[in-house]
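Student: Sequence plus predicted model, see below.
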Amino acid sequence: MATKVFMEALSPTMEEGRLVKWLKNEGDAVKSGDVLAEVETDKAVMELVARGDGVLRKRLIAEGDSKPVGTLVGVIAAADENIDALVAGAASGGAPSGAATGGAASGGTAPAPRPAEAPARAPATQSATAAPPAAPDGAHVRSSPLARRLASEQGLDLSRLQGSGPGGRIIKRDIEAAAVAPAVGTVAAPHPPLAARDFEDIALTQIRKTIAKRLAESIGPIPTFYLTAEFDLTRATEMRAAMLEMGDEFKVSINDILMKAVATALAQHPEVNAHWLGDRIRQHHRVHLGMAVATPDGLIVPVIFDADQKRMSQLSHEARELAKRARERKLKPEEYTGSTFSISNLGMFGIDEFTAIINPPEVAILAIGAAQDVAVPHGDGFVVRKRVRVTMSCDHRAVDGAVGATFLQTLRRLVENPLMLVF
Amino acid sequence: MALITYRDALNQALREEMQRDDRVFLMGEEVAVYQGAYKVSKGLLQEFGEMRVVDTPITELGFAGVGVGAAMVGLRPIIEFMTWNFAVLALDQVLNSAAKLLYMSGGQFNIPIVFRGPNGAALQLSAQHSQAFESWLAHIPGLKVVTPGTPYDAKGLLKSAIRDDNPVCFLEGEMLYNTKGEVPEEEYLIPIGKADLKREGEHCSIITSGKMALLAMQAADQLAKDGIKVDVVDLRTVRPMDVDAIKASVEKTNRAVVLEEGWEICGIGTQVVDYIQRDCFDSLDAPVIRVHQADVPMPYAKNLERAAKPDVPKTIAAVRKVMYLD
């Protein structure tokens, strides 16, 4: 039986993908799980893998073509199997019109059929084209009630599965098979998986509801306010210098120390380490720290999971690694989803201070400016100190001014007394 | 446990209940002097006398009516029909009197009566004498319909039927009377309305009742050779039906075949399938398939009769189909 190769949703938000490179030629034998092509999503370059065994008989789109998720892009079948109907179906009904197309490949880039053409299609062709539209609710997919229930429980998208029942009906065994080898197209679980005990939902009190409603009316969908503080980095700088003296393997940046301090402070302030879920606030018990990284394509926020539990050396290493992979567009979706709080640092651009935009559903973000020498009053005169200005943007629906300020107080104690971080 | 026939199990139930309660009496064609057309009432005339074991003329409507009247004044009659095919003549008393008097008398008259006899096809008795009536009877509010398939079930359910304060239609089988099974020496009752999981499997449920449970068990044996393990749910009572047992099995196996002796249209199986689609929809991995008699009057010719009846190969084919194997 032929296996259709679809443009799969390789990131949670992907609606369209650009086929960067075919890794298999027409006529190549392929096994389920083999990488067929590289596809560029909205976030990264990902692998498109085979969902069945056979021969890659047809590549329906050319390298460089962009296609919406769910478009038929290839056919895997036995060497002697007749796939004309499938290929014809792709040509006439595979992709919605208007998709950007590069070089014209064989058949795959034809525009959608005019309505008048549709009745001329043979029934076989109709059935062959029935699968591609990625119906999010499985509406166009033949499946047993049990399969639908199991798929919904496991978060599997039925439109990405091949049915082994009569007429291609997706049945229990297909769901079980997919669960063993999860389709890349499924929404990846945040890593590490969130268990119920990892957070606590706080019901909204009446006053909280009123605050949320009135302040949202006052300013945008997220009523944001900003708290700025200047931290003294004298001791952090001394610590960094002392560590550097011990050797290169102990080298950490001021940013690493700040991250460690933020993560530690967050563990003590779950009211800030939280998500706004509309009808409730989810306070997280684990600290998953998002760090904004500028890439040539734009901003992305990879996540350091359980940041408060990690040693500074580990944080430092992970942060560098994630930033590198982000710039190379190699991040997997599970590496940039699931953060509970984010930081953004524009210090390297010489920005003194700035305000960052909250990454919803998080309720706050910390913007870090450049560490610089500042003259501060000392006795009758002045001394020069290394200082950094941070600005916390807070979602007032969840975080009141005093709550944000208390968090910054804790953070100040940690940053200005970095030995507390090793306590 | 003693290994006894279905016939003897029924005989024991009758004797024990007649010993226990002197309001219980047996009436029907050939039940006394001839000891029963199928010898179910063997020895009862000698033990209980002709006031309690009563031969009737060939007047089904008449003696069924006498039974209803006797029940109204406090006796507990057991009316034996030589077969349920003949009980068609008595249906007015069964449906219109026995089933409705409690309701129409505003609760003044309950009718503790048992109508019993062989039901369905035997061998080459042709169209008029081979009919399975459980769906006819089960259609009627006010009747309980019991269909035991083994000596154990027959004895325990007949005793419960006799003690029941409302009309019970008790459907036996000509081909069952000689079958043997283990029956405890001590007294026991089986509640009306409780199914029995006759065989435990995992891949598919065969839901059936009475006589057909034997076919289901044979089918299950053969399927097991191919590694297919089926649940055999013997409803034992088709009204009231044990919906919980159906549900528990189908939710486990996700597939069901419903096997019944009678015809397809408005059969017992339609009701089972309705319960399944209503209560187990999200557990189904395949459509439910029914196995039943062909939609024709029962042929007399041996080969045609065989073709018309539900059987083991048809049941196996249905199981394989709902398992997507064929």
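Tutor: That came in fine, so what should we check first? Predicted, not measured: the structure shown is a model, and the values here were computed from it.
Student: quick one: the helix or strand encompassing residue A:375 to chain centroid distance?
Tutor: Following DSSP states H and E, one finds residue A:375 within strand A:372-378. Mean-position distance between strand A:372-378 and its chain equals 41 Å (C-alpha atoms, centre = their mean, to the nearest Å).
Student: Any part of the longest strand along chain B near chain A?
Tutor: For chain B, the strand reaching the highest residue count under DSSP state E is reported as strand B:256-263. No: using C-beta under 8 Å from any C-beta of the partner chain, we find that strand B:256-263 stays clear of chain A, coming within 12.0 Å at best. Any C-beta I mention is one placed from the backbone N, CA and C, and that applies to glycine too.
Student: pLDDT on the helix or strand following that strand, on average?
Tutor: Elements were assigned by DSSP H and E; along the chain past strand B:256-263, the next helix or strand is helix B:268-279. For helix B:268-279, mean pLDDT is 96.
Student: Return the list of helices and strands in contact with helix B:268-279.
Tutor: helix B:134-138, helix B:243-253, strand B:256-263, strand B:289-293 (3 or more C-beta pairs under 8 Å, 6 or more residues apart in numbering or on different chains; DSSP states H and E).
Student: how about a markdown table for those, with mean neighbour count and mean pLDDT added?
Tutor: Output for those, formatted as a markdown table (neighbours: other C-beta atoms under 10 Å in any protein chain shown; pLDDT from 0 to 100):
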| stretch | mean neighbour count | mean pLDDT |
| --- | --- | --- |
| helix B:134-138 | 22 | 97 |
| helix B:243-253 | 19 | 96 |
| strand B:256-263 | 26 | 97 |
| strand B:289-293 | 22 | 97 |
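Student: Residue A:42: which of the ones you listed is closest?
Tutor: Distance to residue A:42, taken as C-beta to C-beta, is lowest for helix B:243-253 among the helices and strands packed on helix B:268-279, at 41.5 Å.
Student: Flag every residue of the stretch 201-326 of chain B that's near chain A.
Tutor: Within the stretch 201-326 of chain B, the positions near chain A by C-beta under 8 Å from any C-beta are B:254, B:281, B:282, B:283, B:284, B:285, B:286, B:324.
Student: What residues does chain A have near chain B?
Tutor: So far as C-beta under 8 Å from any C-beta goes, chain A lies against chain B at A:144, A:145, A:146, A:147, A:148, A:149, A:164, A:165, A:166, A:171, A:172.
Student: out of the residues you listed, which is most surrounded?
Tutor: Compared across the residues of chain A next to chain B, residue A:147 has the highest neighbour count, 30 neighbours, by other C-beta atoms under 10 Å in any protein chain shown.
Student: Can you tell me the element that residue falls in?
Tutor: In this assignment (DSSP H and E), residue A:147 forms part of helix A:145-154.
Student: I'd say residue B:247 and residue B:279 touch.
Tutor: Yes: counting by C-beta atoms under 8 Å, residue B:247 does reach residue B:279; the two are 5.2 Å apart.
Student: one step back: which of the residues of the stretch 201-326 of chain B next to chain A fall in strands?
Tutor: Going by DSSP E, the strands hold none of these.
Student: just to revisit the earlier point, show me what secondary structure element comes after the helix holding residue A:147.
Tutor: Proceeding N to C from helix A:145-154, the next assigned helix or strand is helix A:172-180, under DSSP H and E.
Student: tell me which residues in that following helix are buried?
Tutor: A:172, A:174, A:175, A:178, A:179 (16 or more other C-beta atoms under 10 Å in any protein chain shown).
Student: Kindly report the same for stretch B:177-184.
Tutor: For stretch B:177-184, the neighbour count (16+ other C-beta under 10 Å) marks B:177, B:179, B:181, B:183 as buried.
Student: And stretch B:259-270, end to end?
Tutor: Distance across stretch B:259-270, first residue to last, is 11 Å (C-alpha to C-alpha, to the nearest Å).
Student: again with stretch B:122-129
Tutor: Stretch B:122-129 has an end-to-end distance of 8 Å (C-alpha to C-alpha).
Student: what does stretch B:231-240 give?
Tutor: 21 Å.
Student: distance of residue B:107 from residue B:213?
Tutor: 36 Å (C-beta to C-beta, to the nearest Å).
Student: So which of these two has more stuff around it?
Tutor: It is residue B:213, of residue B:107 and residue B:213, that has more neighbours when counted by other C-beta under 10 Å, with 26 against 9.
Student: Surely the more buried one touches residue B:234?
Tutor: Yes: counting by C-beta under 8 Å, residue B:213 does reach residue B:234; the two are 4.0 Å apart.
Student: what do these two both touch?
Tutor: B:149, B:198 (C-beta atoms under 8 Å, 6 or more residues apart in numbering or on different chains).
Student: And the helices in the stretch 51-200 of chain A?
Tutor: Assigned by DSSP state H, counting those that start in this stretch, the helices in the stretch 51-200 of chain A fall at A:84-89, A:123-128, A:145-154, A:172-180.
Student: May I see these arranged in TSV, with mean pLDDT as well?
Tutor: As requested, the helices of the stretch 51-200 of chain A are arranged in TSV below (pLDDT from 0 to 100):
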stretch	mean pLDDT
helix A:84-89	76
helix A:123-128	35
helix A:145-154	86
helix A:172-180	83
